[in-house]
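> Structure, please.
(one chain, ligands or ions: 3)
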Amino acid sequence: MKLKIKRESGFREYEVSEGLLLLKALYEIKQKQDSTLTFDSGCRSMVCGTCAVRVNGKEVLACSYKANDEDVIEPLRYHKVIRDLKVDKSLAQSKNRASEGYLHKYNEVVLNQNDEKKLSIQSDCILCDSCFSACPVMEVNENFLGPFSLTRSLRYAEDRREEDKKEIIDAIQKSGIWDCTLCGECTLVCPKGIDPKGDIVILRNISASYGYMDPNFNNMGFDGGFGFDPNGGF
Ligand code: SF4
Ligand code: SF4
Ligand code: FES
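Ligands and ions are numbered 1, 2, ... in the order given. Just a heads-up that it's a prediction; the model follows:
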């Protein structure tokens, strides 16, 4: 079967054996046809998150996706391409720092089983960046914190050991939860079954309990804007 792979110089076609996982097919090309083909891999078992690529426009882990004839393979979007399918993930990781998804002020509490079960969902994130690459908001707003960073914020905002949850909530207001269009693309591509879109909705509710609201409502205003005008009807 044929695979079309984006190289530095443009797309190139390769013939590979039938029925291979994509990562195996990439190794087959590298070992038998073209040693210059560059891609990332580590665990080969959906744990390290390094092998994410786009296939026919959708993000997948190369180590778990079964390749099909005529598949078109490209690197993740919004990442600097180091070479071929290998990308620099530092921008995405800087968003993790900006969203402050970590413990700020430690509160000495013992977590029960339910707490641990709840936190384990977001903790399963393998930082593959698939959701980041799938997010359409990144295309128009490079400052957007992005799905996995916000998911991580929820993980710590819901941690009973965090004494200062407001610090986390404050950090995700600008270019964060309100900029998401709730399109769900991030949730669709996550290989670990995490639901960043749903997590963002929960973060909006938590933010509202701290007095925050969607800034777009403010922009609508009462004078000529959309909505209820207390002085002049609708
Ligand atoms: S739901 Fe929000 S974060 Fe997820 S892909 Fe859509 S815009 Fe991006
Ligand atoms: S939330 Fe899912 S898709 Fe996004 S980085 Fe984590 S594991 Fe990958
Ligand atoms: S090689 Fe580790 S997730 Fe694919």
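> Quick check: buried residues in stretch 156-170?
Neighbour counts over stretch 156-170 (16 or more other C-beta atoms under 10 Å) mark 156, 157, 158, 159, 162, 165, 168, 169 as buried. The C-beta positions use only the backbone N, C-alpha and C, and glycine is treated the same way.
> end-to-end on it?
End-to-end distance of stretch 156-170 (C-alpha to C-alpha, to the nearest Å): 13 Å.
> For it, what is the distance to the chain centroid?
With C-alpha atoms, centre = their mean, to the nearest Å as the basis, stretch 156-170 stands 21 Å off its chain's centre.
> ditto for stretch 7-24
Distance, stretch centre to chain centre, for stretch 7-24: 25 Å (C-alpha atoms, centre = their mean).
> which residues are contacting that stretch?
Outside stretch 7-24, the residues that touch it by C-beta atoms under 8 Å, 6 or more residues apart in numbering are 1-5, 25, 28-29, 33-34, 37, 39, 41, 44, 51, 53, 55, 60, 62-67, 71-73, 81, 83-84.
> Let me see the ranges of the strands in the chain.
2-7, 10-15, 52-55, 58-61, 71-74, 80-83, 86-88 (DSSP state E).
> Correct me if wrong: residue 56 contacts residue 74.
No: applying C-beta atoms under 8 Å as the test, residue 56 and residue 74 come out as separate, 9.1 Å apart.
> what about the two, which has more around it?
Neighbour count, other C-beta atoms under 10 Å: between residue 56 and residue 74, residue 74 has more, with 19 against 12.
> list the contacts for that one?
Contacts of residue 74 by C-beta under 8 Å, 6+ apart are 6, 53, 54, 55, 85.
> what residues does this structure put near ligand 2?
Proximity of the chain to ligand 2, by C-beta under 6 Å from any ligand atom, involves residues 125-131, 147-148, 151, 189-192, 194, 196.
> what about 5 Å?
Residues of the chain lying close to ligand 2 (C-beta under 5 Å from any ligand atom) are 125, 126, 128, 130, 131, 148, 190, 192, 194.
> The fifth one: what's its closest spatial neighbour, skipping adjacent residues?
Meaning residue 131. Nearest in space to residue 131, with sequence neighbours left out and distances taken as C-beta to C-beta, 6 or more residues apart in numbering, is residue 186 at 3.6 Å.
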